Structure formats: structure tokens, C-alpha cells
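*Asks:* no sequence on this one, just coordinates:
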């Protein structure tokens, strides 16, 4: 058995930088990865999907450019080239990350599946031929991420070659008709993307509306944007049964409200959510506690109930975003190595959905403010009233902010529009610094920018 100071399981956006920094600090560290360096973000999530979203946007603009005075004749989507462009960017990031790990002194990298034998001992079965090896360390960090949830209550699902958010990235032909099960962030990004590539797209959402975590007006705005691109959306809907008559010939029996109907499609994407990858870790050998969904329970410093075992990123549940995973790493590292006293309580949780236009969100929604009984005001501004949006020819979307009526502090914001995530980040910085909306109302922003319209957004509020 080989002993280390630290073992990191999983090389996602928490595990990889943490392993490097621990090793640089002088701790002999082992990083175990079962698949690819970089985790979901680099290989199956942010990097590939946003690259493909960019390709889809180019296709969309090519179809819209005539009204802007530019004519493009005979453009077509080359799905093989879209995939190659995506693969090249993913490989550059993945290989760069692996090289950085391999060049770090004090850090060993092993590709294989890790399973706990006891609290501080793991067995790793290497991906290449070889016997399982055992390793021990007083500090163990789990960053194994999450995987697609596959429903078990749809008849015939296991008989069709369904897609996940990972396998859909490898398509080299545009689906004739893509049926998406799930109308949340992942499903909507892929839905709009493949509609722009040329697919007919139908989305089934079991809730009464898309994006049920967002305010109703935000949900309505996104729905209208997608429907304007001829995406069919069914709310209060679920798939009941699938039947196939060969490749590309799938018949789905679905219920929409109280009615049952059949939808013929060529491909099915499962996008109902993700679950933590804890089932093969052997956590029963450690005493580490999990919730009923398999998420590893942690305290405010990301340590489990077993001293010396930490969980970071998606595997612990909560907000499942790359930037949260990375922040987890910074908190754990600074506490352990720099002897700081940081925790995850009250940290901001901004996020973006990269439909086009994108949705940028931070803080609380109007619904949450109402539930909490706060004394609040709502500021809204259609993107049709934003000069920069008018000038660039895309006035879809809206700005919305929730503010405290007495203190005038910003409590939350949702921005749907071009560069919505960037505008949201401006408001997040204001929230971090305690800058009140009346100051932003008269702040001097460069003209013409999207952020400049924050003046107009807050001018909608009475003094």
C-alpha cells in the first residue's frame, strides 16, 4: 500500500486545481480520475456546449442577416464540422489540463475507478490492464460530479437509442425531429441549438411551465423566444411509452394535460436532471453520510461527518455549477493550507442559461421575496427599450431586478438579453459592494452599452 498526504478523487473544476495546489504546498498528493481530466465542464458541459451554441448562433444569424442588409445565399450547417470544431476546443483544454497536472511536482495522476476500503483507504482499478492498487491518506477529497438521471417509469425507453447531454455532443448528422424530455436549462439550450442546426424540436415539461424555479414572467419570456423559433413546447406533459420501428423511427406516447397523443420523432434526449456519482465509491465503508438522493452531506466548510473527508462540486448537491465547484476548491484550500476560516454560507450563486438570448440570474426572485414577506419593489425593462439592443437588431428579452424598498439594496436580478450574463454580473458586483439602486440609476456608464440601460431599469422605480 502506498501512502500519500492527500488523495483527490475526480479531476473536475474543484479536484484538479485543488490537487495541484496541495502538491505545490508540499503535500504528496494522488489525483484519481476515471475518465478525462477536466470533469464535466471541459468534456461534456460548458466547453463543448457553449462552443456548439456559438455555431448554432452563427447559423441563426445567417438566416436573419438579410434584414440587416447582408445577403448570404446557400448557407448550410455541416454537423461534422460543428463537431470537429467542438472536439478541437475540448481536446486543447483537456490536454492542457492534463499536461499541467503531470508537470506538477509532488502530484501523481492515476486513471481508474476508486472505491473506498475504509475511511482513509481507497482501491483503484486502473483503466488500462493491471491489478487494483491500494492507497491511503489522512485527507481525502471527493469531486466525482454528477451524471444524467435516466427515468425508469417510461415503457420502452431501454429499447431506443436515447441521447443524454453527453452522447448528443457526438452526433454527426442533424436529427430530423428531436424530442426532449425535460424543459429546464440543459434541455432548452440543446433544444434551441438543434432547432438552429435544422432539427424539428419538441420539448416535454412535466411542470406547468418551463423553468419553474424562475419567476413566471421570466419563464413566459423564454417560452415566447423559443416558440418564435418554431420550437414546440408542451407543459404538464410526460412521456409514457416509446416504440421503435428501426433507426430514426420512434413513436412516443405522451400525455399532455389530461390528453394522450403520439409524437413521431427520430431522436430522444433525456434531460430531466442529474444525480451525484456516489454509487460506486463504496461510501458505506467510510461512514460518510448521504441524503436520500445520494448527495454527500457536508458542513459549511465542505467537510463530511468523517473528519478528513471532504466533498466538493456537484457530488454534494446544492447549486450544481462549475463556478460553485471552483469556489469550493478555493475555500477548502485556503482553510487547510492558508489557515483561514472561510465557509460557504451566504455566498452568491449567480448562473447563466446560454440560450440565445441568454438568461443571467443572481440573488432572489420576486416569488422568493414574496414568500419571505420582504418589503420589496420590482423594476422591469423590456430589451426593446435598450438602445444597444435596438442598434444590434435583437430586442428579445427583458431586465428585471428585485430591490429592498427601504434600504434600496438590490436583492436579485434576472436579465434575458444579449450579454445578459455580463449585465447580471454588473448587478452582482453592486450587490457585493452594497451599492444601492438609486446610485446605479444616475451612474455614468459608457454609451451605448447594455449595462448603460441599468439607468433606465431603475428609473422605473418611484422614489
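*Replies:* Thanks, I have it. Nothing here was measured: the structure is a model prediction, and the numbers come from that model.

*Asks:* switch to C-alpha atoms for all contacts and neighbour counts from now on
*Replies:* OK.

*Asks:* quick one: the closest residue to residue 422 other than its chain neighbours from residue 185, how far?
*Replies:* Among residues not flanking residue 422 along the chain, residue 360 sits closest, at 7.6 Å (Cα to Cα, 6 or more residues apart in numbering). Distance of residue 360 to residue 185, given as Cα to Cα, to the nearest Å: 12 Å.

*Asks:* The residue nearest to residue 422 belongs to a strand?
*Replies:* Yes. Counting by DSSP: H, G, I helix; E, B strand; the rest coil, residue 360 is part of a strand.

*Asks:* domains for this structure, by residue range?
*Replies:* 2-146+275-336, 157-272, 357-459 (automatic domain parsing).

*Asks:* could you dump those domains to CSV with distance to residue 344 and mean neighbour count?
*Replies:* Below are the domains of the chain laid out as CSV (distance: least, Cα to Cα, whole Å; neighbours: other Cα atoms under 10 Å):
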stretch, distance to residue 344, mean neighbour count
domain 2-146+275-336, 5, 18
domain 157-272, 22, 19
domain 357-459, 15, 19
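
*Asks:* okay, these in CSV with distance to residue 350 and mean pLDDT next?
*Replies:* Formatted as CSV, the domains of the chain follow (distance: least, Cα to Cα, whole Å; pLDDT from 0 to 100):
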stretch, distance to residue 350, mean pLDDT
domain 2-146+275-336, 9, 96
domain 157-272, 13, 96
domain 357-459, 4, 97
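
*Asks:* Any chance of those in JSON lines with distance to residue 347 as columns?
*Replies:* Shown next, in JSON lines, are the domains of the chain (distance: least, Cα to Cα, whole Å):
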{"stretch": "domain 2-146+275-336", "distance to residue 347": "9"}
{"stretch": "domain 157-272", "distance to residue 347": "19"}
{"stretch": "domain 357-459", "distance to residue 347": "10"}
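
*Asks:* can you tell me which of those comes nearest to residue 348?
*Replies:* domain 357-459 (6.9 Å; Cα to Cα).

*Asks:* what's the following helix or strand after the one helix or strand residue 429 maps to?
*Replies:* Using DSSP states H and E, residue 429 maps to helix 420-433. Where DSSP H and E defines the elements, the next helix or strand beyond helix 420-433 is helix 437-441.

*Asks:* what residues does that next one touch?
*Replies:* Contact with helix 437-441 is made by 403, 408-410, 454-459, as judged by Cα atoms under 8 Å, 6 or more residues apart in numbering.

*Asks:* residues of stretch 335-355 that come out buried?
*Replies:* 350-355 (16 or more other Cα atoms under 10 Å).

*Asks:* Start from the N-terminal end of this protein and give the helices.
*Replies:* Here the chain has its helices, by DSSP state H, at 15-24, 39-43, 46-64, 79-102, 185-197, 216-228, 322-336, 366-371, 387-392, 420-433, 437-441, 454-459.

*Asks:* Relative to residue 4, which of those helices is closest?
*Replies:* Proximity to residue 4 (Cα to Cα) singles out helix 15-24 among the helices of the chain, at 10.5 Å.

*Asks:* List the contacts of the residue nearest in space to the middle of the chain.
*Replies:* Nearest residue to the geometric centre of the chain (Cα atoms, centre = their mean): residue 321, 5.2 Å. Applying Cα under 8 Å, 6+ apart, we find residue 321 in contact with 313-314, 351.

*Asks:* How about residue 144?
*Replies:* By Cα under 8 Å, 6+ apart, the contact set of residue 144 is 9-12, 276-278, 313-315.

*Asks:* how about those in TSV, adding distance to residue 49?
*Replies:* Converted to TSV, those look like this (distance: Cα to Cα, whole Å):
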residue	distance to residue 49
9	25
10	21
11	19
12	16
276	20
277	21
278	25
313	19
314	18
315	21
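
*Asks:* Strands along the stretch 101-250 of the chain, start to end?
*Replies:* Here the stretch 101-250 of the chain has its strands, by DSSP state E, counting those that start in this stretch, at 107-118, 121-126, 133-136, 139-142, 146-148, 177-181, 200-204, 232-234, 237-244, 250-256.

*Asks:* Kindly reformat the ones you listed as TSV containing distance to residue 30.
*Replies:* As requested, the strands of the stretch 101-250 of the chain are exported to TSV (distance: least, Cα to Cα, whole Å):
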stretch	distance to residue 30
strand 107-118	5
strand 121-126	11
strand 133-136	9
strand 139-142	10
strand 146-148	21
strand 177-181	39
strand 200-204	43
strand 232-234	47
strand 237-244	44
strand 250-256	46
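
*Asks:* Which of those strands sits closest to residue 414?
*Replies:* So among the strands of the stretch 101-250 of the chain, strand 232-234 is nearest, using Cα to Cα, at 22.1 Å.

*Asks:* what comes into contact with that closest one?
*Replies:* Outside strand 232-234, the residues touching it (Cα under 8 Å, 6+ apart) are 201-205, 223, 227, 256.

*Asks:* wait, residue 235 sits on residue 202?
*Replies:* No. Between residue 235 and residue 202 no contact is recorded; they are 11.0 Å apart, counting by Cα atoms under 8 Å.

*Asks:* hmm, back to that, kindly present the helices of the chain as JSON lines, with separate columns for distance to residue 210.
*Replies:* Formatted as JSON lines, the helices of the chain follow (distance: least, Cα to Cα, whole Å):
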{"stretch": "helix 15-24", "distance to residue 210": "33"}
{"stretch": "helix 39-43", "distance to residue 210": "24"}
{"stretch": "helix 46-64", "distance to residue 210": "20"}
{"stretch": "helix 79-102", "distance to residue 210": "28"}
{"stretch": "helix 185-197", "distance to residue 210": "9"}
{"stretch": "helix 216-228", "distance to residue 210": "6"}
{"stretch": "helix 322-336", "distance to residue 210": "23"}
{"stretch": "helix 366-371", "distance to residue 210": "15"}
{"stretch": "helix 387-392", "distance to residue 210": "25"}
{"stretch": "helix 420-433", "distance to residue 210": "19"}
{"stretch": "helix 437-441", "distance to residue 210": "29"}
{"stretch": "helix 454-459", "distance to residue 210": "25"}
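
*Asks:* what bridges to residue 274?
*Replies:* On the basis of DSSP bridges, residue 274 is bridged to residue 148.

*Asks:* Could you pull up the residues touching the residue nearest to residue 93 when sequence neighbours are not counted?
*Replies:* Using Cα to Cα, 6+ apart and skipping residues adjacent in sequence, the residue nearest residue 93 is residue 42, 6.8 Å away. Listed by Cα under 8 Å, 6+ apart, the contact partners of residue 42 are 48, 90, 93-94.

*Asks:* Nearest to residue 150 among those residues?
*Replies:* For the contacts of residue 42, the nearest to residue 150 is residue 48 (21.6 Å; Cα to Cα).

*Asks:* how far away is the nearest residue to that closest one once chain neighbours are set aside from residue 345?
*Replies:* Leaving out its chain neighbours, the residue that sits closest to residue 48 by Cα to Cα, 6+ apart is residue 86, at 5.5 Å. Separation of residue 86 from residue 345 (Cα to Cα): 36 Å.
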